Structures are given as C-alpha cells and as structure tokens.
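Q: I would like the atomic coordinates for the input below:
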Amino acid sequence: MKKSQIRKTILRKRLNFNVKGKKINFYKLLKLLNRETKNKKIGIYYPIGSEVSTLELIENLRKKKFIVSLPVLEKKFKMSFYKWNKKSPLKINKLGIPEPVKIKRITPLILIMPIVAFDADLNRLGYGGGYYDRYINKFEKTKKILKIGLALSCQKINKVPTNKFDKKMNYILTENKIYK
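A: Numbering: from 1, shown residues only. All right, here's what the predicted structure looks like:
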C-alpha cells in the first residue's frame, strides 16, 4: 500500500478509535527521559484533531524543568523550534497547526512527534511533509537526538514503507506499550 493510502486509512481509523479510558502513561515517558538524557531542551507538538494530546505532558515537562519548544514551519519544508509556555501566544500556520510566535529559538535534542502510522521496527509515517526528517537529518550529523513518537495502538501497521530519508524513532509510546 502507498503512503498516501495508509495515511488516509489510519487517520480515519484514529478518528473513530474510542479513546475513553485509554491514555498514554506520561509518568513512564518522564522516567524514560530521566534515564536516557540529561538534556532539558525538548521539542514537542501542539495537538490537533485526533492526535494524542500533549497538553498534560507539556505541563508535566515544565514541572520537571524541561525547556519546552514547539515547531514553526519555514520555507522549503524546513522547521525550527521556539520556546513556548501556555501564556505565550500561538498563531495558526498555513496547515492549520498552532505554532508559537517566534521569540526564542531553541535546538531541542529530544523530539516528541506525532505519528500517523508506525510499525514494531520503530518506523514512523508522518503527514508527508518531511519536516521532522529534515530537522533530524540536519542536526543528527553533529548531535544525538532522542526521537519519541506518540500514537494510539490502532495506528500500528505491519510495515511502514520507508525510503532513505525516513528516520526511525528511538521509542514509540501508545496507551498499551512502549516500543523500543
């Protein structure tokens, strides 16, 4: 199946997935972060639609003294991350995603990413723009980036089609399991 067909199928499935009582255990994620890295700069997405909500996680990260940043889309399918807190304004970008008003650029070495589909080998299928893959490719040449995807169990497929530009996750968290 082509990536575009998988996206369409899984996004419909995710939209119809009953999430009541199904929640990702962010305590396990915080424990994982403490074990994996001393870095406190984290890039995370602001949830839209039926994506796994990160709002509670963002608050927990702040309490643990993480510097939280959100992505801002730029020209030529690039993105940067800017520091954000809940009192900072957000604007809606051309794709309908809230992003911070550019104030302080951050280079996070921990990325928490949305997922459209994933497989047990930690391959991630995103929305198709390649923004995260380009960002990772740019910085991974000189720095180690911890890549974490958030998804619901219904988004798991047998095999995500990949190419040389696709970046594997270090971890994928669902409401049922941590894939590593």
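
Q: What mean pLDDT does the longest helix that the chain contains get?
A: Taking residue count as the measure and DSSP state H as the definition, the longest helix of the chain comes out as helix 3-16. Rounded to a whole number, the mean pLDDT of helix 3-16 is 94.

Q: Wait, Leu125 touches Lys159, no?
A: No. If you go by CB atoms under 8 Å, Leu125 and Lys159 don't touch, sitting 10.4 Å apart. (C-beta placed from N, C-alpha, C; glycine too.)

Q: what comes up buried for the least confident helix or strand in the chain by mean pLDDT?
A: Across the helices and strands of the chain, mean pLDDT, DSSP states H and E gives its lowest value to helix 26-36, namely a mean of 88. Using 16 or more other CB atoms under 10 Å as the test for burial, helix 26-36 gives Phe26, Leu29, Leu30, Leu32, Leu33.

Q: which residues sit in contact with Lys78?
A: Applying CB atoms under 8 Å, 6 or more residues apart in numbering, we find Lys78 in contact with Tyr131, Arg134, Tyr135.

Q: if we go to 7 Å?
A: If a contact means CB atoms under 7 Å, 6 or more residues apart in numbering, then Lys78 has Arg134 as its contacts.

Q: Any figure for the gap between it and Pro71?
A: As defined by CB to CB, to the nearest Å, Lys78 lies at a distance of 10 Å from Pro71.

Q: for Ile10, same thing?
A: Separation of Ile10 from Pro71 (CB to CB): 21 Å.

Q: can you check Thr142 too?
A: Spatial separation of Thr142 from Pro71 under the definition CB to CB is 20 Å.

Q: hang on, the earlier thing: look at Leu125 and Lys159 and report which has more neighbours.
A: Residue environment comparison for Leu125 versus Lys159 gives the larger neighbour count to Leu125, 22 against 12, counting by other CB atoms under 10 Å.

Q: The closest residue to that one other than its chain neighbours: neighbour count?
A: Ranked by CB to CB, 6 or more residues apart in numbering and with sequence neighbours excluded, the top spatial neighbour of Leu125 is Ala117, at 4.1 Å. Number of residues near Ala117 (other CB under 10 Å) recorded here: 24.

Q: I'm done for today, thanks for sticking with me.
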